[in-house]
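> return a 3D structure for these sequence lines:
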Amino acid sequence: MELELAGELAQGADTKIVLFVMDGLGGLPHAETGRTELETAYIPHLDRVAKESVCGFTLPVGPGITPGSGPGHLALFGYDPLKFNIGRGVLEAAGIDFDLQPSDVAARGNFCTVDGTGRIVDRRAGRISTEDSARLVAGLRDIRVDALKQGSGRTEVFIEPVREHRFVLVLRGDGLSDAIADTDPQAEGAEPLPLRATSPEGEATAGLVAKFLEAAKKYLADKAPANMLLLRGFAKRPDWPAMPDLFKLRPAAVAHYPMYRGLAKLVGMETLPVGPALEDSIATLRENWGRFDFFFVHYKYTDTAGEDGDFDRKVAKLEEVNEAIDSLVELEPDVLMVTGDHSTPATMAAHSWHPVPFMLRSKWNRADPCTMFNEVELQQGTLGTFPAKEALPLAMAHAGRFKKYGA
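Residues are numbered from 1 along each chain as shown. Next up, the predicted model:
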């Protein structure tokens, strides 16, 4: 649905919507058992919700397209990810409450491990602790002035830790451009990509970043496992229409990881303080139930297990969600959506293009033949496979928040 039409149809109502996102939810069959993570997990409570829901699969961006987490979530928020695309740097910066100015250029950084030949052996440096990452960032701050003093004297550089191996690099000054390609090949066994501008306008800014990278490489050389860094998602802060204006909602995000908090802020959600555990998210949801009418609840650990190629751990994380899902149902939201932002099969240890399991529970949904929440059973779902950007309009309709279209 086009946002203009959504804005015309949206109306206020005394109803509540919960969007529960298990990051990287979708999977593929295990080579030995032939069952996906969802088929393997013991999830009777999720299965019961499926029996009471209308089910199917979402396509985050389009057939055959492997989405990043940004596009995957934007689609679930009702935004066309092909029209509303943003680099990871802005999302990470917004997520840690960094005060981005309109002309700032932000990039997401990863500490990584390279071998003696310069090839990447671990894109996440063994997921070093946030404390270790902060110490490395402090060292990078010490070198940044020397690295950039040969460039524009008006350019400021900010480096902030995010979580584990992640950090944010922000450039502030006149005439900066975000037309810079990633240095992260997003694959192990490859060398970091050479820094380059993607247009003539980006040449000067790329030159400044190159000076920083040169100095950072020397500083990190003896800091294994974090002996190199990767940059991606150079971007400036966008000016997007906000969910409260478009959908007549009071939206809130219950998300612990900075990137997802940042994305929620960019579309106009209030981000609520929350701890890292699932029970923290449920407690925050309960405490704020009366203040908002749309809640985005994010669960990261299914994706982390999938990216690590740990099939059994992903199964365990699904079972953890199963134990908590009744707490969501007990709040009696008028609409409960359970889905993911993309698939991260543990067998691939990476994001994939596969459609994502989806279910929507409401007193207004029709009967559906699905009796279990997994990739095989949901093929019977009456929703079929549909664009993820249509999930929120579907929820709005089931919540009585859309007017009739036309005469």
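> which outside residues touch the helix or strand containing residue 262?
Assigned by DSSP states H and E, residue 262 belongs to helix 258-266. Residues from elsewhere that reach helix 258-266, judged by C-beta atoms under 8 Å, 6 or more residues apart in numbering: 69-70, 73-74, 86, 88, 90-96, 108, 162-163, 166, 237-238, 240, 251, 253, 255, 271, 296, 298, 300. For the C-beta atoms, the positions are set from N, CA and C on the backbone; glycine is no exception.
> among these, which are in strands?
Among the contacts of helix 258-266, the residues falling in strands (DSSP state E) are 108, 166, 251, 253, 271, 296, 298.
> okay, among these, which ones form the most distant pair?
Spanning the widest gap among the ones in strands among the contacts of helix 258-266 are 166 and 251, at 25.0 Å by C-beta to C-beta.
> quick revisit: what is the mean pLDDT for the helix holding residue 262?
When pLDDT is averaged along helix 258-266, the result is 92.
> for the helix or strand bottoming out on mean pLDDT in the chain, packing partners?
Across the helices and strands of the chain, mean confidence by mean pLDDT, DSSP states H and E is lowest for helix 130-148: a mean of 82. For helix 130-148, the elements it packs on are strand 156-161, strand 166-172, helix 203-220, judged by 3 or more C-beta pairs under 8 Å, 6 or more residues apart in numbering; DSSP states H and E.
> send the alpha carbons of the last one over as CSV?
It refers to helix 203-220. The C-alpha coordinates for helix 203-220 follow below in CSV (Å, rounded to 0.1, in the frame of the first residue of the first chain):
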residue,chain,number,x,y,z
GLU,A,203,35.9,11.8,-3.5
ALA,A,204,36.9,14.4,-0.9
THR,A,205,35.0,12.6,1.9
ALA,A,206,36.4,9.2,0.9
GLY,A,207,39.9,10.8,1.1
LEU,A,208,39.3,11.8,4.7
VAL,A,209,38.0,8.3,5.6
ALA,A,210,41.0,6.7,3.9
LYS,A,211,43.3,8.6,6.2
PHE,A,212,41.4,7.4,9.2
LEU,A,213,41.5,3.8,7.9
GLU,A,214,45.2,4.0,7.3
ALA,A,215,45.9,5.1,10.9
ALA,A,216,43.4,2.7,12.4
LYS,A,217,45.0,-0.3,10.6
LYS,A,218,48.3,0.5,12.2
TYR,A,219,46.8,1.0,15.7
LEU,A,220,44.8,-2.3,15.5
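> show me what counts as buried in that helix.
Going by neighbour count (16 or more other C-beta atoms under 10 Å), the buried part of helix 203-220 is 204-206, 208-213, 215-216, 219-220.
> again, but for the second one
Across strand 166-172, burial judged by 16+ other C-beta under 10 Å covers 166-172.
> what strands line up against that strand, and which way round?
Strand 166-172 pairs in its sheet with strand 105-114 (antiparallel), strand 156-161 (antiparallel), by DSSP bridges.
> next one: the residue nearest in space to the middle of the chain from residue 255, what distance?
The centroid of the chain falls nearest to residue 69 when counting by C-alpha atoms, centre = their mean (3.4 Å). Applying C-beta to C-beta, to the nearest Å, the value for residue 69 to residue 255 is 11 Å.
> do residue 180 as well
Taking C-beta to C-beta, one finds residue 180 at 28 Å from residue 255.
> check contacts around the nearest residue to residue 170 once chain neighbours are set aside.
Once flanking residues are discounted, residue 170 sits nearest to residue 158: 4.2 Å by C-beta to C-beta, 6 or more residues apart in numbering. Going by C-beta under 8 Å, 6+ apart, residue 158 touches 98, 168-170, 172.
> so where's the stretch 201-350 of the chain shaky on pLDDT?
Across the stretch 201-350 of the chain, not a single residue meets the criterion (pLDDT under 70).
> what ranges do the helices span in it?
203-220, 243-247, 258-266, 278-287, 301-307, 311-330 (DSSP state H, counting those that start in this stretch).
> check which residues of the longest one are buried.
When you say that, I think you mean helix 311-330. 311, 313-315, 317-322, 324-325, 327-328.
> can you list the domain ranges for the chain.
What automatic domain parsing lists as the domains of the chain is 3-84+240-398, 92-235.
> between these, which one is closest to residue 406.
Using C-beta to C-beta, the domains of the chain put domain 3-84+240-398 closest to residue 406, at 10.4 Å.
> that closest one: end-to-end distance?
Using C-alpha to C-alpha, to the nearest Å, the end-to-end distance of domain 3-84+240-398 comes out at 18 Å.
> chain center to that domain: distance?
Its chain's average C-alpha position is 11 Å from that of domain 3-84+240-398, according to C-alpha atoms, centre = their mean, to the nearest Å.
> please apply the same query to stretch 119-130.
Taking mean C-alpha positions (C-alpha atoms, centre = their mean), stretch 119-130 and its chain are 19 Å apart.
> ok, residues contacting it?
By C-beta under 8 Å, 6+ apart, stretch 119-130 touches 110-115, 161, 163-165, 184-192, 225-226, 228, 230.
> name only those of these that count as buried.
With neighbours counted using 16+ other C-beta under 10 Å, the contacts of stretch 119-130 contain these buried positions: 110-114, 161, 163-165, 184-185, 192, 225-226, 228, 230.
> residue 371: neighbour count?
A total of 12 residues lie near residue 371 under the criterion other C-beta atoms under 10 Å.
> all set now, cheers.
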